[in-house]
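> Sequence plus predicted model, see below.
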Amino acid sequence: MSTPFDAPQHGGSTQTRLNSVPTEGGGGGGGGGTNVDTQRLDEAANALVELRGDTENVDNGADDDCLSASRGLNKHSAGGMAEAGSWATAGSLVTMDVRWGSQVINLKSLLQDISDKLHTTSGHYTSTEQEEQARQRSISTPFG
């Protein structure tokens, strides 16, 4: 039984084919260079910044809802003030809200880190491309 990882058999020899790269024509670096769309990198980084802001808004809503529910449960407790926390569920809601908040902080940190790295990568590619173009222009040939 053949799997997608099995190499096809050709005349007794095994040849490996990666994705859609043809097996003919030798190996090596191929005919084209690496193209990086820095605009797409920047767009992705900016989308992560926007997602980070959306995450902040969702977190604020969750905080408000959890605290409101906790107060509501305690408000209807027998005896004592609403803030006394006589309902165990109310305290658990607050505990989950704190845990949620720490996860949101972690997520926002990750989103910021990835966004920063995408912007840095875009900048490096742009800088390298400009340096290479300047180097190519500075090369003089005897053919003019």
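Done, it's in. Predicted model, so just to flag it, every value in this text is computed and none were measured. Numbering: from 1, shown residues only.
> Wait, a helix at His119?
Yes. Assessed with DSSP: H, G, I helix; E, B strand; the rest coil, His119 lies in a helix.
> What is the neighbour count of Gly123?
Neighbour count for Gly123, taken as other Cβ atoms under 10 Å: 13. Yep, even glycine has a C-beta here, placed from its N, CA and C like the rest.
> Validate this expectation: it resides in a strand.
No. Counting by three-state DSSP, one finds Gly123 to be helix, located in no strand.
> any idea which helix or strand comes after the helix or strand bottoming out on mean pLDDT in the chain?
One helix or strand of the chain scores below all others by mean pLDDT, DSSP states H and E: strand 13-14, with a mean of 41. Downstream of strand 13-14, the first helix or strand assigned by DSSP states H and E is helix 38-75.
> tell me the mean pLDDT over that following helix?
The pLDDT scores in helix 38-75 average 89.
> isn't Val104 right next to Asn57, touching?
No. Applying Cβ atoms under 8 Å as the test, Val104 and Asn57 come out as separate, 10.6 Å apart.
> who has more neighbours, those two?
Neighbour count, other Cβ under 10 Å: between Val104 and Asn57, Val104 has more, with 18 against 9.
> could you list every residue that touches that one?
55-56, 58-59 (Cβ atoms under 8 Å, 6 or more residues apart in numbering).
> Go again with 10 Å.
Going by Cβ atoms under 10 Å, 6 or more residues apart in numbering, Val104 touches 52, 55-56, 58-60, 62-63.
> of those, buried ones?
Among the contacts of Val104, those classed as buried by 16 or more other Cβ atoms under 10 Å are 52, 59.
> Switch the contacts of Val104 over to CSV; also include distance to Leu93.
As requested, the contacts of Val104 are exported to CSV (distance: Cβ to Cβ, whole Å):
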residue, distance to Leu93
Arg52, 25
Thr55, 20
Glu56, 21
Val58, 17
Asp59, 15
Asn60, 16
Ala62, 11
Asp63, 11
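> same question for the helix or strand hosting Asp113, mean pLDDT?
Secondary structure assignment for Asp113, by DSSP H and E: helix 88-138. Mean per-residue pLDDT for helix 88-138: 91.
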